[in-house]
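Undergrad: Mind folding the following:
(one chain, ligands or ions: 1)
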Amino acid sequence: MSTPSAITLREVTKTFRGNNGPVEAVRGLDLDVRPGEVVAFLGPNGAGKTTTIDTILGLAEPTSGTAEVFGLEPRDAVARGLVSAVMQTGGLLKDLSVRETVAYTANLFAQPRPVDEVLSTAGIENITDRRVGKCSGGEQQRVRFAMALVPDPALLILDEPTTGMDVNARRSFWEAIRADAERGRTILFATHYLEEADDWADRVVMVRDGEVVADGGAAEIRARAGGRRVSFTLPQASDDALAALRALPGVTTLEGTGERFHLVTGDSDATARHLLANTDAHDLQITARGLEDAFVSFTSSQTDARSTESNRTQGATS
Ligand SMILES: Nc1ncnc2c1ncn2[C@@H]1O[C@H](COP(=O)(O)OP(=O)(O)OP(=O)(O)O)[C@@H](O)[C@H]1O
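TA: Numbers count the residues shown, from 1 in each chain. Presented below is the predicted three-dimensional model:
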């Protein structure tokens, strides 16, 4: 018998009743996460990430479609301690100490992991007597992480766990998560920090308007977004000169302000050759496109096209 997927979502839709009529938060979303994968779940505000996560945790019932966690109804999987979550807010009593908080959670499970072990995995073994209310935002997230580890869940879900942390706190938080994941835990996390997806996930799933718009390794998604960015300085660029650049083979976008321009091209060699041979462009810089570029092209292509046009006009007239 084959091992069931950690997460299976089939044609999941979720419609809320909003003030101005129904809101389709999730629209026919399919997702399979294999055991042991570390998956980043990305999307602009309102894309449906939290609603999807709530569905996986059994907190929201799909309007249609099915959700399974390790082959079970999400609520059953949660009840069996197979899945737990680190949410962004809530769930902490500020007058309890860090140790009391985790020990209290351990009382809720038949076979909890030892409290000292989870405190150490979460990297808070030296602040166990501190009151939760006195902990920094990053430390409180580690307390939530420790609580989530108590049932030793096969699947850990994190919804924007590092929002508000500084760069160092975020890095060490993810180091703790990743070290824990090395032991085989499946992880799905939502984030607005694209570099977290790049640095820590095996796989990136991008959603827009309640649908999956890209799914693959970070490198693969960057490659699918295609092209390279060529930046250059071009003094007194006329409208005609910029129109000619936009019409070059392989060029997909051109933007810029003042004298500095950036274009995306499928053939950076030919574009660079043209700029140097036929224009006054100088200070050329050619870079691979990042996950952020891919995110913009997968999640907001129409807006992108409009802003490119207005930036171009701005650049030409300034
Ligand atoms: N309980 C609710 N009632 C009405 N509309 C809701 C409800 N929950 C979510 N929505 C709407 O559903 C859409 C998706 O929301 P969701 O919170 O899942 O997005 P998200 O990707 O998590 O966004 P963010 O990145 O801002 O957290 C949004 O338009 C939101 O306003």
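Undergrad: Kindly spell out which helices and strands sit in contact with the helix or strand that contains residue 26.
TA: Element membership of residue 26 [criterion: DSSP states H and E] is strand 21-33. If you count contacts as 3 or more C-beta pairs under 8 Å, 6 or more residues apart in numbering; DSSP states H and E, strand 21-33 packs onto strand 7-18, helix 49-56, strand 211-216. (Glycine included, C-beta is placed from N, CA and C.)
Undergrad: Format those as CSV; extra columns: mean pLDDT, distance to residue 293 and mean neighbour count.
TA: As requested, the helices and strands packed on strand 21-33 are exported to CSV (pLDDT from 0 to 100; distance: least, C-beta to C-beta, whole Å; neighbours: other C-beta atoms under 10 Å):
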stretch, mean pLDDT, distance to residue 293, mean neighbour count
strand 7-18, 94, 27, 17
helix 49-56, 95, 20, 24
strand 211-216, 92, 12, 17
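Undergrad: As CSV, those with distance to residue 202 would be great.
TA: As requested, those are exported to CSV (distance: least, C-beta to C-beta, whole Å):
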stretch, distance to residue 202
strand 7-18, 14
helix 49-56, 18
strand 211-216, 10
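Undergrad: and stretch 58-67, average pLDDT?
TA: Here stretch 58-67 scores 95 as its mean pLDDT.
Undergrad: Over to stretch 261-269?
TA: Mean per-residue pLDDT for stretch 261-269: 90.
Undergrad: Figure out the length between the terminal residues of that stretch.
TA: By C-alpha to C-alpha, to the nearest Å, the extent of stretch 261-269 from end to end equals 17 Å.
Undergrad: Other residues contacting that stretch?
TA: 226-234, 237, 242, 245-246, 248-256, 271, 286, 289, 293, 315 (C-beta atoms under 8 Å, 6 or more residues apart in numbering).
Undergrad: next one: stretch 41-60
TA: Contact partners of stretch 41-60, identified using C-beta under 8 Å, 6+ apart, comprise 7, 9, 12, 14, 25-27, 29, 31, 61-62, 67, 69, 73-75, 77-78, 83, 85, 157, 159, 188-192, 194, 197, 204-211, 295, 299-300.
Undergrad: Can you list which of the residues you listed are found in strands?
TA: 7, 9, 12, 14, 25-27, 29, 31, 67, 69, 83, 85, 157, 159, 188-190, 204-208, 211 (DSSP state E).
Undergrad: filter these down to the ones near the ligand?
TA: Checked against the ligand using C-beta under 6 Å from any ligand atom, those yield the following neighbours: residue 25.
Undergrad: and the ones in strands among the contacts of stretch 41-60, which are buried?
TA: Neighbour counting with 16 or more other C-beta atoms under 10 Å marks 7, 9, 12, 14, 25-27, 29, 31, 67, 69, 83, 85, 157, 159, 188-190, 204-208, 211 as buried within the ones in strands among the contacts of stretch 41-60.
Undergrad: For residue 3, list the residues it contacts.
TA: Neighbouring residues of residue 3 by C-beta under 8 Å, 6+ apart: residue 35.
Undergrad: Helix, strand, or coil at residue 45?
TA: Under DSSP: H, G, I helix; E, B strand; the rest coil, the three-state class of residue 45 is coil.
Undergrad: I'd like to know how many residues surround it.
TA: 6 (other C-beta atoms under 10 Å).
Undergrad: gap between it and residue 200?
TA: For residue 45, the distance to residue 200 equals 21 Å [C-beta to C-beta, to the nearest Å].
Undergrad: on that earlier part again, now, the contacts of stretch 261-269 that are in strands?
TA: Among the contacts of stretch 261-269, the members that lie in strands (by DSSP E) are 228-233, 251-256, 286.
Undergrad: Quick check: the two most widely separated of the residues you listed?
TA: Checked with C-beta to C-beta, these reach their widest spread between 233 and 252, with 20.7 Å between them.
Undergrad: where does the chain come near the ligand, residue by residue?
TA: Counting by C-beta under 6 Å from any ligand atom, the residues of the chain near the ligand are 16, 18, 23, 25, 43, 45, 46, 47, 48, 49, 50, 51.
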